[in-house]
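In: Quick one, structure for this:
(one chain, ligands or ions: 1)
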Amino acid sequence: MAIFSFLTPVLAAVICVLIVIILQSRKKSKASSAQSNKNNNIKQESRPWVDEDLQDNTDIVADEDGKDDWQDEEEENLQHVPFTVVRYPEMEMVNRSKEFFELLNQRRSVRFISNEPVPREVINNIIRAAGTSPSGAHTEPWTFVVVEDPETKHKIREIIEEEEEINYHKRMGEKWVNDLRKLRTNWVKEYLDTAPFLILIFKQVYGLHSDNRKKTHYYNEISVSIACGILLAAIQNVGLVTVTTTPLNCGPRLRVLLERPVNEKLLMLLPVGYPSKDATVPDLKRKPLEDIMVVV
Ligand SMILES: Cc1cc2nc3c(=O)[nH]c(=O)nc-3n(C[C@H](O)[C@H](O)[C@H](O)COP(=O)(O)O)c2cc1C
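Out: I've put the predicted structure just below:
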């Protein structure tokens, strides 16, 4: 008993020391994670291709604590229905996969687009196709703005050329401008006037419930990028051309021009039409399968 009564204060002291050590090591790890966040921010600051307008905490929950953002009961009780796919014989699968590859392998970024009209129905259908994209928690966080009005197209061109001239001279830096030299691009974008349609793809960084509560759009940038990939394939499928463009730092001005709400950020602009008669493309080669695929 005497030993126990002697040990009790010693044990208490040992426990106290352990608690202090644990608390201090937690403090240290918090400080080091804050430091690494800071370092990440510093790294991000030196990435000129990250559009100012896209640095928007894309994947934050809509409301600070996320409490008001829960889905409605009706959505929660969504019915699940049977699903089947069309099954092709293996030979047909091989042929279809080859034909699809050959179709997409002809896709090129074309920067010379004719003013020949394109049926509006085609544009509707290719955007319908893009809208079939998967999205984080099925939030469908995209808006496709189709511009066909010549005056609006010209205003878009003016904004983009003004910003791109600054981009090429100041924002992009020598290395980036040099890397682009082989593509012979600059800030003059005639296709913004000539293409019969401009499709501006906005990502919704959050959505709105019917009662105006904010709704979290999980992985919205990845979701919209997948939709854009499908759109590019759909454009190729109908024999039209485009060039994937990401006009740096034009987002806010274009959003205001097109009267889009603040939760929408410009991700991509695609001019769509037929190639002009004298269109050329850089003679780029694509990596072969063995350089892009690893089988484990
Ligand atoms: C995310 C992304 C951004 C791009 N931004 C531009 C752009 O702003 N202007 C441009 O002329 N091309 C742009 N491109 C097109 C690339 O230069 C082009 O895809 C690349 O040179 C390969 O050529 P290809 O599309 O003909 O295969 C972009 C492509 C991607 C994927």
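
In: Near the ligand, which residues of the stretch 51-200 of the chain are found?
Out: Within reach of the ligand by CB under 6 Å from any ligand atom, the stretch 51-200 of the chain has these residues: 108-109, 111, 183, 185. Yep, even glycine has a C-beta here, placed from its N, CA and C like the rest.

In: Show me where the stretch 151-296 of the chain has its helices.
Out: If DSSP state H, counting those that start in this stretch is used as the criterion, the helices of the stretch 151-296 of the chain fall at 173-180, 191-194, 220-237, 251-257, 289-292.

In: any idea which of those scores lowest on pLDDT?
Out: Within the helices of the stretch 151-296 of the chain, the stretch with the lowest mean pLDDT is helix 173-180, showing a mean of 91.

In: got a list of contacts for that helix?
Out: By CB atoms under 8 Å, 6 or more residues apart in numbering, the residues outside helix 173-180 that reach it are 48-49, 168.

In: quick one: which of these is nearest the ligand?
Out: Comparing the contacts of helix 173-180 against the ligand with CB to the nearest ligand atom picks out residue 49 as the nearest, at 8.6 Å.

In: Can you classify that closest one as helix, strand or coil?
Out: Following DSSP: H, G, I helix; E, B strand; the rest coil, we place residue 49 in the coil state.

In: There's contact between it and residue 247 in this structure, I believe.
Out: No: Residue 49 is not in contact with residue 247 according to CB atoms under 8 Å; the separation is 11.9 Å.

In: who's more crowded, the two?
Out: Legend: neighbour count by other CB atoms under 10 Å for residue 49 and residue 247, higher for residue 247 (23 against 11).

In: residues in contact with the more buried one?
Out: The contact partners of residue 247, taken as CB under 8 Å, 6+ apart, are 160, 163-164, 254, 266, 269.

In: That one and the ligand, how far apart?
Out: 6 Å (CB to the nearest ligand atom, to the nearest Å).

In: Let me see the ranges of the strands in the stretch 101-250 of the chain.
Out: Counting by DSSP state E, counting those that start in this stretch, the stretch 101-250 of the chain has these strands, from start to end: 142-147, 197-204, 206-208, 214-216.
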